[in-house]
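Engineer: Based on what follows, work out the 3D shape:
(one chain, ligands or ions: 1)
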Amino acid sequence: MVTTLLGNPGIRRGTLTYVTDTNEINSVGVVGLGTMGAGIAEVFAKAGIKVTGVEAEQAAVTRGRDTIDKSLDKQVSRGRLDATQRDAVAAALTVTTDFDALADVDLVIEAVPERMEIKRELFTRLDKVCRPSTILATNTSSLSVTDIAQTTMRGAKVIGMHFFNPAPVMKLVEVISTVHTDPGVVDRVIALAQRLGKTVVAVGDNPGFVVNRLLLGYLNHAAKLLDANKATVEDIDAAMRTTGLPMGPLQLADVIGLDTCVEILDVIHRDSNAPRHEVANVLRDLVAQGKVGKKSGHGFYDHTQALPKAEPEIERVQAVIDELVHPHVAEAVSMADSGYASREDIDSAMKLGCGYPEGIFALIQ
Ligand code: CAA
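Structural biologist: Numbering: from 1, shown residues only. Modelled structure (predicted):
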């Protein structure tokens, strides 16, 4: 398992060869039980960690619990869990609207919508509710962990712990430390992620971190091919699947949520000012129509039906690949050159976070 601490030059650099087991985290709170929060809660509970899931309203609590129960039932029906294991996982998980239930947990992770004002308000509240030793983690996809931490009196105990969708399946966790995060807290969170069976890539606090910084420009570029009428949704996705990627970029955008994609792109674009990160018209239009991807039933695809499996012509495949792959890999090269993350960590992140079979650099042979 590769675990490195990179980024934030001047704070910590180098490869961790071991992680201590002292101060083990045995109880966690998960705030927000949408797609990511429910998946994260499931992952913790499956590792035998006591989980308290919190949502603002009872309907959302019920929906979140339902998502987890269905996911566990599916694993039983596929023979991945037996009924006794499912019951043990379910028993490790409590869901509630009562924030005070988080007072005594070892770590809280939030998975609320990707808007700074919501995250900041939540962290102010968590800082008051939780005991001083509780670690506060954010699953933000791109927002500044430093800015979120500033709303608390415990900057040393605030950290990013970024899971990938679907959280029970994808093996990567990005651990993001700020200049204020206590190195001991970083070690505890890395040890926790490893206990969940995840591989950690640890980095400093840059917009989009490793994966989203690289992935979202590529997804947006695919949407811009639609804006320019250069290819169809099906052709773009089928073309990129021929490179070995598990999903085409537009299907993946639907899985992530088009609203989330727009929010992440806006954050990255404010930092990069690059046309590549300026949100494609079709993305904004779909979001404005409420077609935010798989979770709403509609996005680039109609998810109420089986997705089409198109077989495009060879020339169209090559044209799409030529357009999309080179700038995608170029961004990875420039990230490695900047020193933010090593080539090895970038490849590890893209393999384990997005299922790139051989990493990103191998896309260009
Ligand atoms: N929850 C739980 N389990 C799930 C699941 C879900 N939502 N979706 C799939 N699975 C499980 C299936 O049950 C199956 O498990 P078993 O083998 O135990 O039966 C396994 O995953 C494989 O699923 P499928 O056979 O149905 O489908 P697949 O082989 O096509 O794999 C996939 C599905 C793993 C999602 C694969 O398509 C993939 O890797 N896609 C890329 C996903 C990706 O890039 N995610 C990251 C997005 S970026 C992000 O999340 C960061 C952010 O901040 C936005």
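Engineer: Out of the helices and strands in this structure, which is least certain?
Structural biologist: strand 14-15 (a mean of 37; mean pLDDT, DSSP states H and E).
Engineer: What's the first helix or strand after that one?
Structural biologist: Note on strand 14-15: by DSSP states H and E, the next helix or strand toward the C-terminus is strand 27-31.
Engineer: That following strand: partners in the sheet, and parallel or antiparallel?
Structural biologist: strand 50-54 (parallel), strand 107-110 (parallel) (DSSP bridges).
Engineer: Report the backbone C-alpha coordinates of it in CSV.
Structural biologist: Only the C-alpha atoms of strand 27-31 are listed here, as CSV (Å, rounded to 0.1, in the frame of the first residue of the first chain):
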residue,chain,number,x,y,z
SER,A,27,-16.6,6.1,16.6
VAL,A,28,-17.4,8.5,13.8
GLY,A,29,-20.2,10.8,12.8
VAL,A,30,-21.2,11.3,9.2
VAL,A,31,-23.1,14.5,8.4
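Engineer: Identify the residues contacting it?
Structural biologist: Residues from elsewhere that reach strand 27-31 (CB atoms under 8 Å, 6 or more residues apart in numbering): 37, 40-41, 44, 49-55, 101-102, 104-112, 122, 126, 130. No exception for glycine: its C-beta is placed from N, CA and C like everyone else's.
Engineer: Recalculate using a threshold of 6 Å.
Structural biologist: Residues outside strand 27-31 that contact it (CB atoms under 6 Å, 6 or more residues apart in numbering): 37, 40-41, 44, 49-54, 102, 105-110.
Engineer: could you give me the average pLDDT of stretch 94-107?
Structural biologist: Averaged across stretch 94-107, pLDDT comes to 98.
Engineer: end to end, how far does that stretch reach?
Structural biologist: One end of stretch 94-107 sits 15 Å from the other (CA to CA, to the nearest Å).
Engineer: Stretch 352-364 now?
Structural biologist: Start-to-end span of stretch 352-364 (CA to CA) is 19 Å.
Engineer: beta partners of the residue nearest to Lys157 when sequence neighbours are not counted?
Structural biologist: Once flanking residues are discounted, Lys157 sits nearest to Ile135: 5.0 Å by CB to CB, 6 or more residues apart in numbering. Note on Ile135: beta-bridge partners by DSSP bridges are Leu107.
Engineer: Look up how far Val43 lies from Ile135.
Structural biologist: 17 Å (CB to CB, to the nearest Å).
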